[in-house]
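Asks: how does the following fold in three dimensions:
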Amino acid sequence: MLAARLEPRSLAPSAGDITSTPTLSTRHLLGIAELKREDLLLVFRTALDMREKLLRPGHASDLLAERTIVNLFAESSTRTRSSFELAEQRLGANVLNFQAESSSFGKGETLLDTVRNIEAMHIDAIVIRHSVGGAPWFLAERCRPVFINAGDGRHEHPTQALLDCLTLYERWDGRFEGRRVVIVGDILHGRVALSNILALRLLGAEVAVCGPPTLIPRGIEDLGVRVFNRLEPALEFADAVNMLRIQRERQDRGLFPSTGEYAKYFGLNRRRMASMKKDLLVLHPGPINRGIELDAETADGPSSVILDQVENGVAVRMAVLALLLAPSAIAATHDRRGIEVPRTPAVA
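Replies: Residues are numbered from 1 along each chain as shown. Just a heads-up that it's a prediction; the model follows:
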């Protein structure tokens, strides 16, 4: 086991990681499926630089000072919305939060009509979270703003996968080849799982999933992943484990007998960690159901990189926003020494 909490390291990417054109290959961030490996590496490098320069207290940027971004969350998620909002504010953008429960959705207006009305206010980008899979693609085909998918139905959650992979990228010195990651939990309903599988495979890692058979979708092997129905062999396979949240709302559907039984067979705890013969990085997208997916000692222990994921979440979202909304500014200053991000002076 790791003797102490892993300390963040600054990376010096090899020449193979340097992209020839420091701009994303897509106009929107809709899903990992639409990205190239070079896109992921560019986001990582940009995020690491911004994390160093803009996440320290008193530091901010005016990179997006003339941009207006709407956070359109038709599905609740305090954690993701807060991370996006902080990223937007650190880059100097004008931010409008649009909540579904107090919006025109409740009055019968369609999603497209709502977005077209927002668009008419001359905004630049919409960060959208929606319970219907494919909603960001539907809107991106019909509306002018840049769209960033903050989670659509049971489909994708690309920025979560990017921050998860950035956390591993940093720990593994940018090398995924030969590394193995197992994703444990509700694979059937979890959009985090699909985005992580696509991103990790794109980066060269081996991927497996683990959970009760009722929570593993049929045909998932077609994505190039292994399937485990027991946690112990899955942990022996892995160098890192991503413990997905068990969504209690699924409990009414009888997909597993009880949360207690789930924790017994698929929860990661001190006993299972102590039996490991190798170091294992522990991730969780949050919020944690303590005592179900993870016990307190594992969630807070030396193998956990969960708080690193939270920090990297803001950095990744800053990078995505900057690369999509100010690509020329990023490209003009992007070289092997890093990105010189315009910023306001530190507050004394």
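
Asks: any regions of the stretch 151-300 of the chain where pLDDT drops low?
Replies: Along the stretch 151-300 of the chain, segments meeting pLDDT under 70 span 248-254.

Asks: run the last query once more with 80
Replies: For the stretch 151-300 of the chain, applying pLDDT under 80 flags the ranges 247-257, 277.

Asks: just list what the helix or strand hosting residue 165 packs against, helices and strands only.
Replies: Under the criterion of DSSP states H and E, residue 165 resides in helix 158-171. On a contact count with 3 or more CB pairs under 8 Å, 6 or more residues apart in numbering; DSSP states H and E, helix 158-171 meets helix 37-54, helix 78-90, strand 146-152, helix 191-203, strand 281-283, helix 306-325. Bear in mind the C-beta positions are built from the backbone N, C-alpha and C, glycine included.

Asks: off-centre distance for that helix?
Replies: When C-alpha coordinates are averaged (CA atoms, centre = their mean, to the nearest Å), helix 158-171 and its chain have centres 7 Å apart.

Asks: output that helix as PDB, restricted to C-alpha atoms.
Replies: Coordinates of each C-alpha in helix 158-171 appear next as PDB, following Å, rounded to 0.1, in the frame of the first residue of the first chain:
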ATOM      1  CA  PRO A 158     -17.200  13.700 -21.400                       C
ATOM      2  CA  THR A 159     -15.700  16.200 -18.900                       C
ATOM      3  CA  GLN A 160     -15.900  13.600 -16.100                       C
ATOM      4  CA  ALA A 161     -14.000  11.200 -18.200                       C
ATOM      5  CA  LEU A 162     -11.400  13.800 -19.100                       C
ATOM      6  CA  LEU A 163     -10.800  14.700 -15.400                       C
ATOM      7  CA  ASP A 164     -10.600  11.100 -14.400                       C
ATOM      8  CA  CYS A 165      -8.100  10.400 -17.100                       C
ATOM      9  CA  LEU A 166      -6.100  13.500 -16.400                       C
ATOM     10  CA  THR A 167      -5.800  12.300 -12.800                       C
ATOM     11  CA  LEU A 168      -4.300   9.000 -14.100                       C
ATOM     12  CA  TYR A 169      -2.300  10.800 -16.700                       C
ATOM     13  CA  GLU A 170      -0.500  12.700 -14.100                       C
ATOM     14  CA  ARG A 171       0.100   9.700 -11.800                       C
END
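
Asks: pull out the buried positions in that helix.
Replies: For helix 158-171, the neighbour count (16 or more other CB atoms under 10 Å) marks 158-171 as buried.

Asks: let me know the closest of these to residue 256.
Replies: Nearest to residue 256 among these: residue 160, at 23.2 Å, using CB to CB.

Asks: for that closest one, which non-adjacent residue is spatially closest?
Replies: Leaving aside its sequence neighbours, residue 160 sits nearest to residue 192 (CB to CB, 6 or more residues apart in numbering; 5.1 Å).

Asks: okay, now that neighbour: neighbour count?
Replies: Residues near residue 192, counting by other CB atoms under 10 Å, number 24.

Asks: tell me if I'm right that it and residue 161 touch.
Replies: Yes: at 7.0 Å, residue 192 and residue 161 qualify as touching, with contact defined as CB atoms under 8 Å.

Asks: check contacts around the residue nearest to residue 160.
Replies: Listed by CB atoms under 8 Å, 6 or more residues apart in numbering, the contact set of residue 192 reads 157, 160, 161, 164, 183, 242, 244, 285.

Asks: repeat that for residue 131.
Replies: Residues near residue 131 by CB under 8 Å, 6+ apart: 74, 75, 153.

Asks: equivalent analysis for residue 42, please.
Replies: Taking CB under 8 Å, 6+ apart, one finds 19, 22, 23, 24, 323 in contact with residue 42.

Asks: okay, the residues you listed in CSV with distance to residue 109 next?
Replies: CSV is the format used below for the contacts of residue 42 (distance: CB to CB, whole Å):
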residue, distance to residue 109
19, 41
22, 40
23, 35
24, 32
323, 32
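
Asks: what's the closest of those residues to residue 59?
Replies: residue 323 (19.3 Å).

Asks: which residues in this structure form helices?
Replies: 37-54, 78-90, 111-119, 135-140, 158-171, 191-203, 231-237, 259-266, 270-274, 296-299, 306-325, 327-333 (DSSP state H).

Asks: of these, which stretch is the most buried?
Replies: Of the helices of the chain, the one with the most neighbours on average (mean count of other CB atoms under 10 Å) is helix 158-171, at a mean of 26.

Asks: now residue 134: how far from residue 140?
Replies: 10 Å (CB to CB, to the nearest Å).

Asks: so what are the domain limits for this structure?
Replies: 23-154+314-336, 158-308 (automatic domain parsing).
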